[in-house]
Structures are given as structure tokens and as C-alpha cells.
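1. Following is a predicted model, sequence given first.
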Amino acid sequence: MENMNKKHKPSSIIYKVFIYVALIALAISIIVPVAWVFMASVKTNSEFIGAGTNPWALPKEFHYQNFITAFRDAQMGEFFLNSVIVTAVALILLLIIALPASYAISRFDFKGRKFLNAMFMAGLFININYIVVPIFLMLSGANKALHVEFFLDNRFILSLIYASSALPFTIYLLSGYFKTLPKGFEEAAYIDGCGHFKTMTKIMIPMAKPSILTVIMFQFLAFWNEYIIAYTLMDDHGTLAMGLKNLMAVERTATNYGIMYAGLVIVMIPVLVLYICVQKQLTQGMTLGGLKG
């Protein structure tokens, strides 16, 4: 028995070393480009252009004017506000619709449940970018039919489209988590006089917090960085992805690289802040969920 442990021990050590090396290499491949963009965002234009310039050199001084120029001249502040509104509304709509739907599909047996679940699962195979033109024609036709200018260049409509496109994956994820929760919690709630709605909001949804945080993280990234649908449907109320595309096109032509990287930092900061805020709670929730399981 001791000989068998000795045989397996070297291979186990090699495997652990390989895992650590792979994780460190992956972390470096992510951290270095992000750090370089932050560093480049405060450089002057002369530090990018000219003979003998080193792109990896530290900035000679912190040129914060790049951010001021990006917000003022490229109107990144307005694009930023539009993205905040669209992303927040889309997440709220998504959770309001997906939480009751996924709870009902996973915990109740009713007529049409299998068909409804199959339709949601089929939605996983539909890429929203492939049907953006039919969506545009449908909204444009609605404007013409009703003689209004409501359905295009509307932040709420864009949020609604984002939320509806994310429903299949969200319901798939949440319903899978709801299925793992013991029925004893619901039975105890019913004995205490709670109805279905109160049981869902007071008992089941708080227990599903790890999966809800996962949904918020994934869908925030998707909504925040989305470009094709926003570019097709929006005009005066463009999102930050549209503003960044315009900024990069203009500043690359004018060789103002510091301003261009400042725009990239403006896009990345909310994502990093959200990840820092959610990551600890997400890790704790998954650990507690594993212990309960």
C-alpha cells in the first residue's frame, strides 16, 4: 500500500505543478494587457509616436487630460449614461421575468410545462445578432403603422430586446439551480401559511442568490459590451460601445492613442468594479451551497 502511494505521489505533484503554472500563465495573459491599457491611457501622444519610443515604458507623467477630452469631445459621458440606463433596465426586466418563470418550470407540474421548457431551451440555439435585421424591420413597421417614432432609438425598447434575448440562458441556469433545492423548505413555508408567491420571494429566491449573481455578472457583460443591436436600433441615444467605436476611429486617424485608450478604460472600469463587488459574495454563496449539498 505504501509503494502504491509512493508511485502516485510524483504524478500528483507534477499534476499540481502543471495546474499552478497554467493558472499563473492565464492570469498573466489577462492582467498584463489590462494593466498596459490603464498605463497607456495616461500617456501623452509623444510617448506613442517617434523613434526610440518604448510601448512598455511607464508614463513620464499622469496625463489625465485624456479622460477629460474623451468625455468632452467624444461625448463619452452621454454614451456612458445611456449604457448605464439600458443595462440596468435590461437586468431588472430580465430578473422580473426569468425568476418566476424558472421557479414555476422547475418546481411545479402544470399543463404545457414541457412544451414551454422546450421552447426556452430552443432559444439557446438562436443568436440574436442573426435576427437583428428582422427586429429592425418589425420595429420600423410598427412606427409606420402607428405613425410614431417610439420603437426605434428608444432605450427602453433596446433594454427589452436585451432582456428577451437573454431569457433562454437565464431560465436554463436558474431552473437548474432551483431543481437542486430541497422541497422541505417549501413544505415548511406552506405549513407556516405562506402562499406560492411569498414562498418564492422569501425562501427560494434568497437561496438561489449564487445563481442570480452569476446571471447578473454574465448578462451585465453581455449588455454592457453589446454593439450590433445598439448600432442597428439606436441613433441619438447610442450606447458606450457605439461611442467607443466612434472614438477609436477618430483618434486612430488623428493618432491620439492616449485618448483612445482612455475610452477603453472608461468602458472597462464598471465591469471591474462589478466583478470586485460580486466576486466575494458569489464565492461565499457557492461555498455555502456546496456545504448544504
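-> Everything's here; your move. Numbers count the residues shown, from 1 in each chain.
2. Tell me where the stretch 51-200 of the chain has helices.
-> Ranges of helices in the stretch 51-200 of the chain, per DSSP state H, counting those that start in this stretch, are 65-73, 76-107, 113-122, 132-146, 155-180, 184-191, 196-199.
3. what mean pLDDT does the longest one have?
-> Averaging pLDDT along helix 76-107 yields 94.
4. Which parts of it count as buried, going by neighbours?
-> 76, 79-80, 82-83, 85-87, 89-91, 93-95, 97-99, 101-107 (16 or more other Cβ atoms under 10 Å). Heads up, the C-betas are built off the backbone N, CA and C, glycines and all.
5. if we can go back for a sec, do you know which of the helices of the stretch 51-200 of the chain lies nearest Trp224?
-> Smallest distance to Trp224 across those (Cβ to Cβ): 5.3 Å, for helix 76-107.
6. still on that earlier bit, out of the helices of the stretch 51-200 of the chain, flag the one nearest Pro270.
-> With Cβ to Cβ as the criterion, Pro270 lies closest to helix 76-107 of the helices of the stretch 51-200 of the chain, at 7.8 Å.
7. from the middle of its chain, how far away would the closest one be?
-> Its chain's C-alpha centre and that of helix 76-107 lie 11 Å apart, by Cα atoms, centre = their mean, to the nearest Å.
8. Measure how it sits relative to helix 184-191, angle-wise.
-> 80 degrees (axes from the mean of the first three to the mean of the last three Cα atoms, to 10 degrees).
9. Which other helices and strands does helix 76-107 contact?
-> Using 3 or more Cβ pairs under 8 Å, 6 or more residues apart in numbering; DSSP states H and E, the elements in contact with helix 76-107 are helix 113-122, helix 155-180, helix 209-225, helix 240-253, helix 257-292.
10. looking at the ones you listed, which is closest to Ala70?
-> helix 257-292 (4.6 Å).
11. The closest one - what's its average pLDDT?
-> Taken as a whole, helix 257-292 carries a mean pLDDT of 74.
12. what's the answer for stretch 233-246, then?
-> 89.
13. Tabulate the helices and strands packed on helix 76-107 in TSV, adding columns for mean neighbour count and distance to Asn54.
-> As requested, the helices and strands packed on helix 76-107 are exported to TSV (neighbours: other Cβ atoms under 10 Å; distance: least, Cβ to Cβ, whole Å):
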stretch	mean neighbour count	distance to Asn54
helix 113-122	13	52
helix 155-180	19	42
helix 209-225	19	30
helix 240-253	18	20
helix 257-292	16	14
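14. nearest to Lys144, of those?
-> helix 155-180 (15.4 Å).
15. what sits against Val265?
-> 37-38, 41, 67 (Cβ atoms under 8 Å, 6 or more residues apart in numbering).
16. Could you single out the nearest of those residues to Leu240?
-> Phe67 (14.0 Å).
17. picking that back up, who wins for proximity to Tyr190 among the helices and strands packed on helix 76-107?
-> Checking the helices and strands packed on helix 76-107 against Tyr190 by Cβ to Cβ gives helix 155-180 as the closest, at 16.3 Å.
18. From the chain's centroid, how far away is the closest one?
-> Here helix 155-180 is found 12 Å from its chain centre; the criterion is Cα atoms, centre = their mean.
19. follow-up on the earlier one: could you name the stretch from the helices of the stretch 51-200 of the chain that's closest to Ile216?
-> Closest approach to Ile216 among those (Cβ to Cβ): helix 76-107, 6.2 Å.
20. ok so, going back, ranking the contacts of Val265 by neighbours, who comes first?
-> Among these, Ser41 has the most neighbours (other Cβ atoms under 10 Å), with 25 neighbours.
21. Could you check how far that one is from Ala74?
-> Plainly put, Ser41 is 14 Å away from Ala74 if you go by Cβ to Cβ, to the nearest Å.
22. cool, Val265 as well?
-> Taken as Cβ to Cβ, the span from Val265 to Ala74 is 13 Å.
23. list the buried ones in stretch 56-63?
-> His63.
24. How about the contacts made by Asn154?
-> Listed by Cβ under 8 Å, 6+ apart, the contact set of Asn154 reads His237.
25. pLDDT value on it, please?
-> According to the prediction, Asn154 has pLDDT 95.
26. Now distance to Ile269 too, for the helices of the stretch 51-200 of the chain, in TSV please.
-> Formatted as TSV, the helices of the stretch 51-200 of the chain follow (distance: least, Cβ to Cβ, whole Å):
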stretch	distance to Ile269
helix 65-73	10
helix 76-107	10
helix 113-122	34
helix 132-146	28
helix 155-180	21
helix 184-191	39
helix 196-199	38
